[in-house]
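Asks: next input, structure requested:
(one chain, ligands or ions: 2)
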Amino acid sequence: MLKISAFCFAKSRLNVLKEMRNICHRKIFTKMCDAKLNGKVNGLDGKTPFLIGVSGGTASGKSTVCKRIMEKLGQVDVDHTQRQVVCISQDSFYRDLTPSEIQKAEKGLFNFDHPDAFNESLMKETLMDILAGKIVQIPTYDYKNHSLRKDEIITIYPADVVLFEGILVFYFPEVRKLFHMKLFVDTDSDTRLARRVPRDINERGRDLEQVLCQYMNFVKPAFEEFCSPTKKFADVIIPRGADNTVAIDLIVHHIWDILHGTERENNYKSIPSTQSRT
Ligand SMILES: Nc1ncnc2c1ncn2[C@@H]1O[C@H](COP(=O)(O)OP(=O)(O)O)[C@@H](O)[C@H]1O
Ligand SMILES: Nc1ccn([C@@H]2O[C@H](COP(=O)(O)O)[C@@H](O)[C@H]2O)c(=O)n1
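Replies: Ligands and ions are numbered 1, 2, ... in the order given. Below you'll find the model as predicted:
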């Protein structure tokens, strides 16, 4: 039974790829489909997604950079079940808070920028499942209620490229070593604060005093202690975030090369290298 469903799944994926090959006019994605039809995935025979970590301070533009990368790979309008490139937020791995922690969070007195706020083991297990080609389910995060939306689960199907973005994605060594490529979005702190204030008020249900108090007490000190020092682990630092179209184009070209095997021997192994990059 399992074998039959696996066969049907593989067959329907093949049909989808053929269909995509017919309708896809973008050069990059057409070549990605060709490689898959030839039995190669990520330039390799096995199914190991290319895992990219994207870090940077709050409101540095991590999500926007990921969106640009997906756009350039022709993936934004693709149905989520068929996507070859997916993006996951580290915020989906905030740990559940106790009732007293929720009370603190509601007053802006909980430190969401400290590594202890995250469920490290779940983050690692999920990324390892993704690397193993498994389908995984990830809750979305509700910033207004400081909790995971367990009724709003995103299903991540095996994809060629998985972007994992968040303030502390390079902090945990066991998570860090899973990435094939590490990007750090480096936007100056004034710009980040100027973006965070309206975002938190308009989208995350906060008031000005709460945003500034949380920023001064937790966000800024934790950035300096935990996030900024992880910049040294990055393979590529992207100054000015999504405004830096040259950097984004170079990264997209590099991903494209890897997906087609041109960089395979040197840069991409099915298990990410831990040498000198951990
Ligand atoms: N290059 C940019 N120019 C202007 N606004 C930007 C730029 N990049 C991001 N933003 C805005 O700043 C806010 C934070 O960006 P986002 O990409 O969500 O950052 P992060 O994922 O690092 O928190 C959003 O409101 C976004 O629209
Ligand atoms: N309940 C929460 C959870 C997180 N935050 C803040 O979000 C920031 C991380 O998200 P970015 O998109 O800005 O990278 C982080 O700095 C937390 O302070 C929050 O305010 N409330």
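
Asks: do stretch 86-101 and ligand 1 meet?
Replies: No: with C-beta under 6 Å from any ligand atom as the threshold, stretch 86-101 lies outside contact range of ligand 1, at a closest distance of 7.9 Å. All C-beta atoms are positioned from the backbone trio N, CA, C, and that covers glycine.

Asks: report the buried residues of that stretch.
Replies: Applying a neighbour-count criterion of 16 or more other C-beta atoms under 10 Å, one finds 86-94, 97, 101 buried in stretch 86-101.

Asks: which one of these is nearest K177?
Replies: Distance to K177 across the buried residues of stretch 86-101 (C-beta to C-beta) is lowest for Q90, with 15.9 Å.

Asks: chain neighbours aside, what residue packs nearest to the closest one?
Replies: Leaving aside its sequence neighbours, Q90 sits nearest to G166 (C-beta to C-beta, 6 or more residues apart in numbering; 2.3 Å).

Asks: neighbours of that neighbour, just the number please.
Replies: Counted by other C-beta atoms under 10 Å, the residues lying close to G166 total 25.

Asks: just checking, Y94 touches D116?
Replies: No: using C-beta atoms under 8 Å, Y94 is not in contact with D116, being 10.7 Å away.

Asks: okay, now the unreliable bits of the stretch 1-150 of the chain?
Replies: Along the stretch 1-150 of the chain, the parts satisfying pLDDT under 70 run over 1-47.

Asks: can you pull the residues of it lying near ligand 2?
Replies: Taking C-beta under 6 Å from any ligand atom, the part of the stretch 1-150 of the chain that reaches ligand 2 is made up of 58-59, 62, 91, 94, 105, 112-113, 143, 146.

Asks: on that earlier part again, can I get the buried residues of stretch 86-101 in TSV with distance to G205?
Replies: Written out in TSV, the entries for these read as follows (distance: C-beta to C-beta, whole Å):
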residue	distance to G205
V86	27
C87	23
I88	23
S89	18
Q90	20
D91	15
S92	18
F93	21
Y94	16
L97	16
E101	18
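
Asks: out of these, which sit inside helices?
Replies: Those of the buried residues of stretch 86-101 mapping onto helices are E101, per DSSP state H.

Asks: just the buried residues of stretch 86-101 now: which is nearest K124?
Replies: K124 lies nearest to F93 out of these, by C-beta to C-beta, at 9.4 Å.

Asks: so what's the closest one closest to, chain neighbours aside?
Replies: M123 (4.3 Å).

Asks: residues near the one you found, how many?
Replies: Here the count is done by other C-beta under 10 Å, and M123 has 24 residues near it.

Asks: what lies in contact with the strand or helix carrying it?
Replies: Mapping M123 onto the secondary structure by DSSP states H and E places it in helix 120-131. Applying C-beta atoms under 8 Å, 6 or more residues apart in numbering, the contact partners of helix 120-131 are 48-49, 51, 90, 93, 136, 138, 156, 158, 162, 164, 172, 174-175, 178.
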